[in-house]
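1. My questions are about this predicted structure, shown below with the sequence.
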Protein chains: 2
Amino acid sequence: MSKKLTSRAEDYSKWYNELVVKADLAENSAVRGCMVIKPYGYAIWEKMQAELDKMFKETGHQNAYFPLFVPKSLFEAEEKNAEGFAKECAVVTHYRLQNDPDKPGKLRVDPAAKLEEELVVRPTSEAIIWNTYKGWIQSYRDLPLLINQWANVVRWEMRTRLFLRTAEFLWQEGHTAHATKAEALKEAELMNNVYANFAENFMAIPVVKGVKTESERFAGADETYCIEALMQDGKALQAGTSHFLGQNFAKAFDVKFTSKEGKQDYVWATSWGVSTRLMGALIMTHSDDEGLVLPPSLAPNQVVIVPIYKTDEQFEEISKIANLIKSDLYAKNISVKYDDRDTYRPGAKFAQHELQGVPLRIAIGPKDLEKGTVEIARRDTKTKEVIALDNLTSTVETLLEDIQNNLYKKALDYRDSHITKVENFEEFKETLNNKGGFISAHWDGTIETEDKIKEITKATIRCMPVDSEKEEGKCVFTGNPSKGRVLFAKAY
Amino acid sequence: MSKKLTSRAEDYSKWYNELVVKADLAENSAVRGCMVIKPYGYAIWEKMQAELDKMFKETGHQNAYFPLFVPKSLFEAEEKNAEGFAKECAVVTHYRLQNDPDKPGKLRVDPAAKLEEELVVRPTSEAIIWNTYKGWIQSYRDLPLLINQWANVVRWEMRTRLFLRTAEFLWQEGHTAHATKAEALKEAELMNNVYANFAENFMAIPVVKGVKTESERFAGADETYCIEALMQDGKALQAGTSHFLGQNFAKAFDVKFTSKEGKQDYVWATSWGVSTRLMGALIMTHSDDEGLVLPPSLAPNQVVIVPIYKTDEQFEEISKIANLIKSDLYAKNISVKYDDRDTYRPGAKFAQHELQGVPLRIAIGPKDLEKGTVEIARRDTKTKEVIALDNLTSTVETLLEDIQNNLYKKALDYRDSHITKVENFEEFKETLNNKGGFISAHWDGTIETEDKIKEITKATIRCMPVDSEKEEGKCVFTGNPSKGRVLFAKAY
Ligand SMILES: [Zn+2]
Ligand SMILES: [Zn+2]
């Protein structure tokens, strides 16, 4: 098997990159900045998708699919949005290749097949979707329109990292239309809450729910809600955003509706999304120097069974027991893999399953056959115990629950102990450099101050937490009056 | 509601286009040739996806995700494949937009942001995937590699039609690697059988399993298996293909493995795919002049309940019963919608659900309240019956099964009565023009004859059926010896 990972203490960034590749989650491709999501990584993403999709449907949303391409003239219609994404757009200009007359066997772009209007590969779909909604919305009876799309998007990033920042990534984007401002605001908050529930209860990642400052807002939004998580290296990661778009897109695409009372008004909008970036959050929240650690709810295999044997007879006996265990656990909706490959030794299998974060490992050897026992090992705490076969199913159920809760608690303890209140800029810098994490500080509410702090410290305002108590104070940087604390951090 | 559809007899093509739009399945977008798949259409596609995904996993395949873009140098590596797709490729040449100095508020492609190497938007993913497999395959222990991807692809078609031929479409593409030719051939056949089972048992669409002639093969394949369905207008539709790729891609991308015996050899490959084109097959197999007809297995709502009332009290009583029915059927895994909208009259609701192909409609009116009955109507046969509430659940279960079977049987009868054996070219042309459908005829096996027949009649060889009996004869066109009959048809 592969050599040990670089430890987190030695080089956190290197540890992350190695883990992603060695645990078979993803790898770089031949296309600059685009990743290949490998089967094991994709299986985890599928679990996220399934759960999110269920949550979206339970809150009344339907899926649909809109084009990959956005004609330039539509793309530029909502000015702020266009400005925000223009610098990172992949652009299709031609629709045909031809044989290269100068290089036999090679192709070149056919100059005669130039598009009249260039097509932008969607970096986000507000433009193409609101252009479509124009045809779908006439009256209040057509509202609300609650639609989600699972799709790939492209943002031409210069510095990319697997899952965290890639030129192409997978995501879902919700796009809703409402008759009133209040309803749209409520929707944006609701979906931010859905994301928070998903992160905490499914991914075991504690998050702060908040609102972005103007300069950190989505291009084209009037308000951006977000969930912010804290990684083990003390840096924050924005795990999801939900935007109240006001009437900006409705005005840009002229989408009006007739109310019950017969009046015409522009429609109110939201959009919200999470992406394969969540894979990065997952890895950097729970994993350790031995590799990936997965909460059971996201594990493609929650349990792996490894046989330890010398003779064929032993192998046969162990396999019988393993298959019984498998079907017992399967009946309880627990996913189990029996790793009976004869091309690898038990030690190599242990190492692989540890690296890939399988929550529980059951080993069965000749002694277990005699005693009617198995050895069960937890990935999160690395504790082992020998238990009787009779108690196995209930033990596994209990342990899986324990692991899920333990991972959340551990991450929560870490997060909570890394929110530091500071009262002056010296403390601010000291905390940021020595401890990291979120810094809770007063801010005077101006972009100038925000920019200066960023320039000096590289920390940005991650959010104004929605659950925080109102507390007046003085700005940590200017000393000017502040209406409440905000959270600063260095961020991914 | 919308006006009646054009009838099939009047204009089949117009009927199809109107149905797709009026039944809320899909519509054209602002992007030439790209469609918007609307929520109702997408919900049907999701049912197909879920079933296919299950079938792929049951046959040992895993999902993964590969980049949207293919660098031109990789795209051209397998020459036949490149040649086959070069003429319909969308090409990304730039990665940034900038403000247009001549047009305030408008954007233009930034000439300084030209890519060194152009990127092809994948029309199919063999190139990028085999370039990746090179890093994944070293030894026989890495084989077989059984991977599927759900993705969007782009083929710049000049004449497009919703679902049937669109510039962007959704599909799945399986890409497998094997140690031996025999194993790869078996895989290609297996997946063609999976497609046939899916079409027949899930979509209620009878198909002919066959092999393509050389000129109809996938570009880069040594053999293409396919399933061919017959539409109501007598034209064939290729519903899925499975390709044996030989060692073509392994050689183009230098993918070798070391066998158990220590020998090096190129890997053997298959690829196979079905797409949103299946939506077109679904529509044109079962639907009628009143709109969509859905087999219950694909219906987002298998049952709709419509209340008929004059007073609020009646509505309340009916709603109580409707909700009881809903939960009874839900317990049997039957999807039910209670259409209690007060903004539409029952007649309008009936028309909409008929247009959208809901298999069973239950109406509950004041008389039903008195008698403890409901009226149940089948979409496929348009028959109605009044039944006692007590028998409802079992009746619904039986009817849904009947509908599924009836739709298949009806389509099969039509298909079977439209396979016509002909012995000479006069019969061939007469049958094609007057009756349509598949023509079973002898062919001399040459591309020249195939081309000439196509030129004269517009019919192509759909396939050489795998299940057909060996029968020698004389070519229907040249009179030269033939080793067996093939199926000709005009096709979508
Ligand atoms: Zn610390
Ligand atoms: Zn006929």
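-> Thanks, I have the structure now. Ligands and ions are numbered 1, 2, ... in the order given.
2. so where does the spatially most central residue of chain A fall, helix or strand?
-> By C-alpha atoms, centre = their mean, chain A has its centre lying nearest to A:Leu278, at 1.6 Å. Using DSSP states H and E, A:Leu278 maps to helix A:277-286.
3. elements contacting that helix?
-> Here helix A:277-286 touches helix A:12-22, helix A:39-58, strand A:236-246, helix A:392-416, going by 3 or more C-beta pairs under 8 Å, 6 or more residues apart in numbering or on different chains; DSSP states H and E. Bear in mind the C-beta positions are built from the backbone N, C-alpha and C, glycine included.
4. if you compare those, which one is most tucked away?
-> Of all the helices and strands packed on helix A:277-286, strand A:236-246 has the most neighbours on average by mean count of other C-beta atoms under 10 Å in any protein chain shown, namely a mean of 25.
5. Chain B contacts on the stretch 201-350 of chain A?
-> Proximity of the stretch 201-350 of chain A to chain B, by C-beta under 8 Å from any C-beta of the partner chain, involves residues A:Thr343.
6. Might you name the residue of the stretch 201-350 of chain A sitting closest to chain B?
-> Residue nearest to chain B within the stretch 201-350 of chain A: A:Thr343 (5.4 Å; C-beta to the nearest C-beta).
7. What is the neighbour count of that residue?
-> Neighbours of A:Thr343 under the rule other C-beta atoms under 10 Å in any protein chain shown: 8.
8. wouldn't it be in contact with B:Arg141 here?
-> Yes - contact between A:Thr343 and B:Arg141 holds when scored by C-beta atoms under 8 Å: they sit 5.4 Å apart.
9. Could I get the phi/psi values of whichever residue of the stretch 101-250 of chain A sits closest to chain B?
-> Closest to chain B within the stretch 101-250 of chain A is A:Trp156: 4.2 Å, counting by C-beta to the nearest C-beta. The phi and psi values for A:Trp156, taken as degrees, to the nearest 10, are phi -80, psi 80.
10. What residues sit buried inside stretch A:140-151?
-> A:140, A:143-151 (16 or more other C-beta atoms under 10 Å in any protein chain shown).
11. To clarify, my last question referred to stretch A:170-187.
-> A:170-179, A:183-185, A:187.
12. same question, stretch A:370-382
-> Neighbour-count burial for stretch A:370-382, counted by 16+ other C-beta under 10 Å, picks out A:373-380.
13. and of those, the nearest to A:His442?
-> Among the buried residues of stretch A:370-382, A:Asp380 lies closest to A:His442 (C-beta to C-beta), at 37.9 Å.
14. doesn't A:Ile403 make contact with that closest one?
-> Yes - taking C-beta under 8 Å as the definition, A:Asp380 is a contact partner of A:Ile403 at 5.1 Å.
15. Which residues are in contact with each of those two?
-> Shared contacts of A:Asp380 and A:Ile403 (C-beta atoms under 8 Å, 6 or more residues apart in numbering or on different chains): A:Pro359.
16. Please, where are all the helices along chain A?
-> Per DSSP state H, chain A carries helices over the ranges A:12-22, A:39-58, A:72-75, A:79-85, A:126-136, A:181-197, A:248-252, A:277-286, A:312-331, A:346-355, A:366-371, A:392-416, A:425-434, A:447-457.
17. how about those in a markdown table, adding mean pLDDT?
-> As requested, the helices of chain A are exported to a markdown table (pLDDT from 0 to 100):
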| stretch | mean pLDDT |
| --- | --- |
| helix A:12-22 | 98 |
| helix A:39-58 | 98 |
| helix A:72-75 | 97 |
| helix A:79-85 | 94 |
| helix A:126-136 | 98 |
| helix A:181-197 | 98 |
| helix A:248-252 | 97 |
| helix A:277-286 | 98 |
| helix A:312-331 | 97 |
| helix A:346-355 | 97 |
| helix A:366-371 | 95 |
| helix A:392-416 | 98 |
| helix A:425-434 | 98 |
| helix A:447-457 | 98 |
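18. Nearest to B:Met35, out of the ones you listed?
-> helix A:126-136 (10.6 Å).
19. Buried residues, the closest one. List them.
-> In helix A:126-136, counting by 16+ other C-beta under 10 Å, buried: A:126-134, A:136.
20. Please convert those to a markdown table, extending it with distance to chain B.
-> Output for the buried residues of helix A:126-136, formatted as a markdown table (distance: C-beta to the nearest C-beta, whole Å):
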| residue | distance to chain B |
| --- | --- |
| A:Glu126 | 13 |
| A:Ala127 | 9 |
| A:Ile128 | 7 |
| A:Ile129 | 9 |
| A:Trp130 | 11 |
| A:Asn131 | 5 |
| A:Thr132 | 5 |
| A:Tyr133 | 10 |
| A:Lys134 | 10 |
| A:Trp136 | 8 |
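21. and which of those residues is nearest B:Glu316?
-> A:Trp136 (32.2 Å).
22. can you tell me which residues contact the nearest residue to A:Lys367 once chain neighbours are set aside?
-> Excluding the flanking residues, the one nearest A:Lys367 by C-beta to C-beta, 6 or more residues apart in numbering or on different chains is A:Thr373, at 7.7 Å. A:Thr373 sits next to A:367, A:386-389 when contact means C-beta under 8 Å, 6+ apart.
23. List only buried entries from these.
-> Buried by 16+ other C-beta under 10 Å: A:387, A:389, out of these.
24. between the contacts of A:Thr373, which is nearest B:Glu450?
-> Of the contacts of A:Thr373, the one sitting nearest to B:Glu450 (C-beta to C-beta) turns out to be A:Leu389, at 65.3 Å.
25. Confirm for me that the closest one is in contact with A:Ile376.
-> No - contact criterion C-beta under 8 Å: A:Leu389 and A:Ile376 do not qualify, at 10.8 Å.
26. sorry, back to before: among the buried residues of stretch A:170-187, which ones lie close to chain B?
-> A:Leu170.
27. could the buried residues of stretch A:170-187 be laid out in a markdown table, adding distance to A:Val476?
-> Output for the buried residues of stretch A:170-187, formatted as a markdown table (distance: C-beta to C-beta, whole Å):
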| residue | distance to A:Val476 |
| --- | --- |
| A:Leu170 | 38 |
| A:Trp171 | 35 |
| A:Gln172 | 37 |
| A:Glu173 | 36 |
| A:Gly174 | 35 |
| A:His175 | 38 |
| A:Thr176 | 37 |
| A:Ala177 | 40 |
| A:His178 | 38 |
| A:Ala179 | 42 |
| A:Glu183 | 37 |
| A:Ala184 | 34 |
| A:Leu185 | 30 |
| A:Glu187 | 34 |
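28. which two from the buried residues of stretch A:170-187 end up farthest apart in space?
-> Every pair in these was compared (C-beta to C-beta); the two farthest apart turn out to be A:Leu170 and A:Ala179, at 32.0 Å.
29. ok, A:Lys454 to chain B distance?
-> To chain B, A:Lys454 is 24 Å away according to C-beta to the nearest C-beta, to the nearest Å.
30. Tally up the residues packed near that residue, please.
-> Neighbour number of A:Lys454 under other C-beta under 10 Å is 15.
31. what does A:Glu117 give?
-> A:Glu117: 11 neighbours (other C-beta under 10 Å).
32. who's in contact with the residue lying closest to it once chain neighbours are set aside?
-> Closest residue to A:Glu117 apart from its sequence neighbours, by C-beta to C-beta, 6+ apart: A:Pro71 at 5.2 Å. For A:Pro71, the contact set (C-beta under 8 Å, 6+ apart) comprises A:117-120, B:30-31.
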